[in-house]
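Peer 1: Dropping the sequence and predicted coords here.
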Amino acid sequence: MTRQIQLSILLMLLLGFPAAAQQNTTAKITIKPYLQDATPHSIKVMWETSSGEESIVEWGTSPKLGNKTKGTAFPINYSDARVHEVSLADLERLTMYYYRVRTGKAVSEIYQFKTPPFARDEQAFQLVAMSDMQIDDGKPDKFAEIVQDGVLTYLQNEFEGEVPENLALVMIPGDLVTDGGVYEQWNEHFFTPAQDLFSQVPVYPVPGNHERNSQYFFKYFSLPRNGSPEFDEHWWYKDYGNVRIIGLDSNEGYRNRTQLGWLDEVLAKTRENDSIDFVFAQLHHPHKSELWLAGEEDFTGEVVKKLETFSTETGKPSIHFFGHTHGYSRGQSRDHKHLWINVATAGGNIDYWGEFAQQNYDEFTVTQDEYGFVMVEVDPNQGDPKFTVKRFSQGNENLERENELRDSVTVWRFDKKPSTPQAISPKNTKVNPFNIMLKANAFSSDLASAEHGASHWQLATTGDFKEPVFDSWKQFEDWYAYQDLQKDDDLTDEKLRKLNENTTYFWRVRYRDKNLNWSEWSAPARFTTEGQISSQTEEEE
């Protein structure tokens with residue numbers, strides 16, 4: 001070989017070395033596989049690597065796998081990092097699958113998932129709702145604790161089998177990270193702490209204010225594309241069994257008529273869909289917030305009104321899950337089978353009692369300044385569907401709790417009305433206008449497990465009660481600032497303020513059980529107030 005040829009070969013090797021070196025660089029999996037947008041016959045698998053375009057999922061009904069599906073990769077920022085998305089199709093419903101992902105030489109462990117049921121399968125299932133896991137510098141490992149010691153430990157202790165057999169999905173109403181525009185936070189603060197959960201069940205988030213409308217939120221998640229096309233993935237819906245989950249965006253810039261009009265259309269379709277028994281909506285901001293008044297948002301109030309109207313007109317109970325305020329709250333609408341549930345905080349610094357401007361609202365019966373998560377058990381129950389909401393607490397900085405059940409409520413699809421109460425006194429008599437106690441009989445119901453949950457009293461000067469002069473709604477508990485303000489109230493009597501003299505009044509009462517079922521109103525009772533009451537009597541009273 002001549003010297004000239006040797007030099008030519010050497011030159012080619014030197015020129016080609018950078019490209020060869022780049023090609024041989026081994027990609028690393030930086031965000032482990034997580035699941036998205038599951039249906040009975042399909043699911044999406046996503047992950048992130050340090051580099052590399054290859055996007056392959058190997059899958060099958062056993063750890064031997066046997067099938068291979070290719071997908072796409074796209075840049076997440078200005079580095080070589082790539083997010084991969086692979087759609088698996090032609091799956092069998094209610095089937096456990098095994099899978100792993102591959103990008104070049106980077107290969108994940110083998111994970112499992114289970115495909116959802118159709119509503120007609122009448123399969124009971126559970127979902128988790130939690131929010132505001134953005135990192136607290138004082139407790140940076142709290143979200144990992146909520147996932148590992150909370151959700152996964154609960155499932156392991158309470159049920160047999162693998163996680164996908166006992167948990168359907170995870171709902172997250174916002175504030176996944178502290179600053180959605182900081183790329184590193186998505187891996188370090190959100191995906192890594194939850195990787196053992198999201199690799200086995202699909203996760204469905206909506207953006208909170210801390211996401212800052214970042215491109216990272218919309219690149220990392222592949223949410224249902226059935227919302228308004230011009231606001232892709234800002235709002236959407238997803239069906240799982242007999243539940244319709246609706247994701248909404250309550251952030252500034254998206255509180256618009258387009259979103260509310262879309263919600264009207266979805267609820268109208270849900271009204272006609274006999275396979276859907278319940279609607280679970282999620283959005284970030286509260287309409288009312290006992291722990292943090294500054295976080296309240298009127299837009300959410302408009303959403304609540306639409307859900308209330310839907311539930312009353314269709315008989316299909318609903319929930320709106322939210323966050324923003326860092327503490328748990330559970331309330332219920334007075335005249336509708338609709339629950340208000342703040343599922344925070346799963347990591348964000350707690351909003352403690354006494355820390356901010358706060359208020360006791362009639363709707364809320366439980367508010368707790370604690371970390372934790374919510375588990376919802378849905379049971380189609382062969383024609384008598386119900387769901388049960390359970391709050392599990394991890395305590396706070398002052399009091400440790402380990403998955404302690406701190407609140408629970410069960411709601412049936414169909415009404416199970418308590419017995420109509422009876423007005424006992426005053427009745428057909430004259431009374432002192434300064435000393436009146438309305439009294440009704442004890443609560444009863446044909447449902448053996450039913451308990452007295454609330455009483456609604458009305459007083460009017462006409463028997464049609466079109467313009468009540470007194471209207472009182474009391475619930476069986478009212479946990480506010482560590483105290484139950486309804487303690488020792490059996491809900492069978494109600495004291496009235498001063499009434500007019502020489503006036504005839506009508507009063508009535510209805511009872512609600514703890515499952516949100518109202519009785520009919522009692523038959524109205526009538527009484528007349530006495531006249532010429534001395535000032536001395538008034539002072540004594």
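Peer 2: Now that the structure is in, tell me what you want to look at.
Peer 1: which residue packs closest to Val411, ignoring adjacent ones?
Peer 2: Among residues not flanking Val411 along the chain, Pro317 sits closest, at 4.9 Å (CB to CB, 6 or more residues apart in numbering). Backbone N, C-alpha and C define where each C-beta goes, glycine included.
Peer 1: how far is the helix or strand that contains Ser329 from where the chain is centred?
Peer 2: Assigning secondary structure by DSSP states H and E places Ser329 in strand 328-332. Strand 328-332 sits 11 Å away from the centroid of its parent chain (CA atoms, centre = their mean, to the nearest Å).
Peer 1: need the contact list for Ile56.
Peer 2: By CB atoms under 8 Å, 6 or more residues apart in numbering, the residues touching Ile56 are 68-71, 86, 101-103.
Peer 1: And this protein, what are its domain boundaries?
Peer 2: Domain ranges of the chain: 116-412, 423-540, per automatic domain parsing.
Peer 1: Of these, which is nearest Ser51?
Peer 2: Proximity to Ser51 (CB to CB) singles out domain 116-412 among the domains of the chain, at 14.9 Å.
Peer 1: Name the SS class of the closest residue to Lys32 other than its chain neighbours, please.
Peer 2: Among residues not flanking Lys32 along the chain, Gln195 sits closest, at 4.5 Å (CB to CB, 6+ apart). What DSSP: H, G, I helix; E, B strand; the rest coil gives for Gln195 is helix.
Peer 1: Which stretches in the stretch 251-400 of the chain count as strands?
Peer 2: Ranges of strands in the stretch 251-400 of the chain, per DSSP state E, counting those that start in this stretch, are 278-282, 318-322, 328-332, 338-343, 364-368, 371-379, 386-395, 400-412.
Peer 1: buried sites along the very next helix or strand once past the longest one?
Peer 2: Next along the chain after strand 400-412, taking DSSP H and E as the criterion, comes strand 423-425. Taking 16 or more other CB atoms under 10 Å as the neighbour-count basis, strand 423-425 is seen to contain the buried residues Ala423.
Peer 1: circling back to that earlier point, help me confirm that the residue nearest to Val411 comes into contact with Phe310.
Peer 2: No - judged on CB atoms under 8 Å, Pro317 makes no contact with Phe310 at a distance of 9.9 Å.
Peer 1: neighbour count winner among these two?
Peer 2: A side-by-side neighbour count of Pro317 and Phe310, using other CB atoms under 10 Å, places Pro317 first with 27 against 24.
Peer 1: quick one: the more buried one from Ile436, how far?
Peer 2: 36 Å (CB to CB, to the nearest Å).
Peer 1: Same check on Ala294?
Peer 2: From Ala294 across to Ile436, the span is 40 Å (CB to CB).
Peer 1: Who has more neighbours out of these two?
Peer 2: Between Ala294 and Ile436, counted using other CB under 10 Å, the more crowded position is Ile436 (21 against 10).
Peer 1: Can you tell me the closest non-neighbouring residue to that one?
Peer 2: Leaving out its chain neighbours, the residue that sits closest to Ile436 by CB to CB, 6+ apart is Leu496, at 4.3 Å.
Peer 1: Tell me the spacing between that neighbour and Glu530.
Peer 2: Counting by CB to CB, the separation of Leu496 from Glu530 is 14 Å.
Peer 1: Comparing those two, which residue is more hemmed in?
Peer 2: A direct count of neighbours by other CB under 10 Å for Leu496 and Glu530 places Leu496 higher, at 20 against 14.
Peer 1: pretty sure the more buried one is touching Leu459, no?
Peer 2: Yes - Leu496 is in contact with Leu459 according to CB under 8 Å; the separation is 6.8 Å.
Peer 1: what is in contact with those two at once?
Peer 2: When contacts are counted by CB under 8 Å, 6+ apart, Leu496 and Leu459 are jointly contacted by 438, 470.
Peer 1: in the stretch 201-350 of the chain, which ranges drop under the pLDDT threshold?
Peer 2: Across the stretch 201-350 of the chain, nothing is flagged by pLDDT under 70.
Peer 1: How are the helices of it distributed by residue range?
Peer 2: If DSSP state H, counting those that start in this stretch is used as the criterion, the helices of the stretch 201-350 of the chain fall at 215-220, 257-272, 298-314.
Peer 1: angle of the second one against strand 278-282?
Peer 2: This means helix 257-272. Note on geometry: by axes from the mean of the first three to the mean of the last three CA atoms, to 10 degrees, helix 257-272 and strand 278-282 are set 160 degrees apart in direction.
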